[in-house]
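Peer 1: fold the stuff below for me.
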Amino acid sequence: MRKCIVVEPEIEGNLGFLARTMANFDFEQLILVNPKTKIGKKAKNRAVHAQKVLENVLIKDSFEKALNCVDFSIGTTGLESVDSSNFVRSTTDVREIAERASEVSGDIGVVLGRESKGLTNEELSMCDMAVKVPTSDNYPVMNITHAACVVFYELFRAKKKGDREASSRKEKEYLKHIFKSIVNKMEYSESDADREVQCLQNFIGRSFVDKSEINTLIGVFKKIEKSLEVKK
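Peer 2: Numbers count the residues shown, from 1 in each chain. Predicted coordinates for the structure are as follows:
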């Protein structure tokens, strides 16, 4: 299933436009995190024939709870880092992500930030990957509904029935936990350890690893962790 997560939406009309765009491209569920606006007449009018999306909206009181509703999360940002070592805002081409996503089954969520300031670094770091729609350098930041439309289209365009069972968010979080334990045992500084874990998360997220692959990696990492414990 394709889902859309919006963090603290501020403009009611955008929710209506977003629902309509979701219906255009077979996105079935809208999830709102701590919305700052209601779904009223303006949103329903702008949704036109996509009322079902608004009727079935889920409200979550934390970003983490919203992410638990999907297997893969694609964060969106209008601000790409020029520093290649900043893994949080290291983005991947939208079309490339869409092609990879089409190979696996599972729930995929496109994550949109606030109209005023987008997603924070912390929120973006919690997503499996980040994408930025290519835009003019003269005016690079898009309205969230316009950006969503491009990302939805690319995922719709590449969509096919994936034959690989998706790894779950819980499995990926467990892999991250083991990897962080390994890094800590190797006496990295806290900032370097966080950077290495973010690098792994980006790699795993962009790869759309399936359940078999993630469990193989978990097994290998657990053996490495145990080996390091024995050596101490």
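Peer 1: pull out the buried positions in stretch 120-127.
Peer 2: Judged by neighbour count (16 or more other C-beta atoms under 10 Å), stretch 120-127 contains these buried residues: 123-127. For every residue, glycine as well, the C-beta is placed using N, CA and C.
Peer 1: ranges for the helices of the protein?
Peer 2: Assigned helices in the chain, in chain order: 12-24, 41-47, 51-55, 63-67, 94-101, 121-126, 144-158, 169-185, 190-207, 211-231 (criterion: DSSP state H).
Peer 1: could you give the average pLDDT over the fourth one?
Peer 2: So the one you mean is helix 63-67. When pLDDT is averaged along helix 63-67, the result is 96.
Peer 1: one step back: any idea which of the helices of the chain is most buried?
Peer 2: Mean neighbours per residue, mean count of other C-beta atoms under 10 Å, is largest over those for helix 12-24, with a mean of 22.
Peer 1: now do that one and helix 144-158, the angle between them.
Peer 2: 10 degrees (axes from the mean of the first three to the mean of the last three C-alpha atoms, to 10 degrees).
Peer 1: tell me what helix 12-24 is packed against?
Peer 2: If you count contacts as 3 or more C-beta pairs under 8 Å, 6 or more residues apart in numbering; DSSP states H and E, helix 12-24 packs onto strand 2-7, strand 29-33, helix 41-47, helix 51-55, helix 144-158.
Peer 1: spit out the contact partners of Lys160.
Peer 2: Under the criterion of C-beta atoms under 8 Å, 6 or more residues apart in numbering, the contact list for Lys160 reads Ser102.
Peer 1: what pLDDT does the model give it?
Peer 2: 71.
Peer 1: just send the helices of the chain back as JSON lines, with distance to Asp107 too.
Peer 2: Formatted as JSON lines, the helices of the chain follow (distance: least, C-beta to C-beta, whole Å):
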{"stretch": "helix 12-24", "distance to Asp107": "14"}
{"stretch": "helix 41-47", "distance to Asp107": "22"}
{"stretch": "helix 51-55", "distance to Asp107": "16"}
{"stretch": "helix 63-67", "distance to Asp107": "11"}
{"stretch": "helix 94-101", "distance to Asp107": "11"}
{"stretch": "helix 121-126", "distance to Asp107": "16"}
{"stretch": "helix 144-158", "distance to Asp107": "12"}
{"stretch": "helix 169-185", "distance to Asp107": "9"}
{"stretch": "helix 190-207", "distance to Asp107": "14"}
{"stretch": "helix 211-231", "distance to Asp107": "14"}
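Peer 1: other residues contacting the lowest-mean-pLDDT helix or strand in the chain?
Peer 2: One helix or strand of the chain scores below all others by mean pLDDT, DSSP states H and E: helix 190-207, with a mean of 84. Defining contact as C-beta under 8 Å, 6+ apart, one finds that helix 190-207 is touched by 72-73, 85, 87-88, 90, 92, 97, 100, 125, 127-130, 172, 175-176, 179-180, 183-184, 188, 214.
Peer 1: returning to that earlier point: and of the helices of the chain, who's closest to Thr77?
Peer 2: helix 121-126 (6.1 Å; C-beta to C-beta).
Peer 1: now for that closest one, which elements pack on it?
Peer 2: helix 63-67, strand 72-76.
Peer 1: in PDB, could you pull the C-alpha coordinates for that helix?
Peer 2: Coordinates of each C-alpha in helix 121-126 appear next as PDB, following Å, rounded to 0.1, in the frame of the first residue of the first chain:
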ATOM      1  CA  ASN A 121      17.000  17.100  10.600                       C
ATOM      2  CA  GLU A 122      15.900  14.800  13.400                       C
ATOM      3  CA  GLU A 123      12.700  13.800  11.500                       C
ATOM      4  CA  LEU A 124      14.600  13.400   8.300                       C
ATOM      5  CA  SER A 125      17.200  11.200  10.000                       C
ATOM      6  CA  MET A 126      14.400   8.800  11.100                       C
END
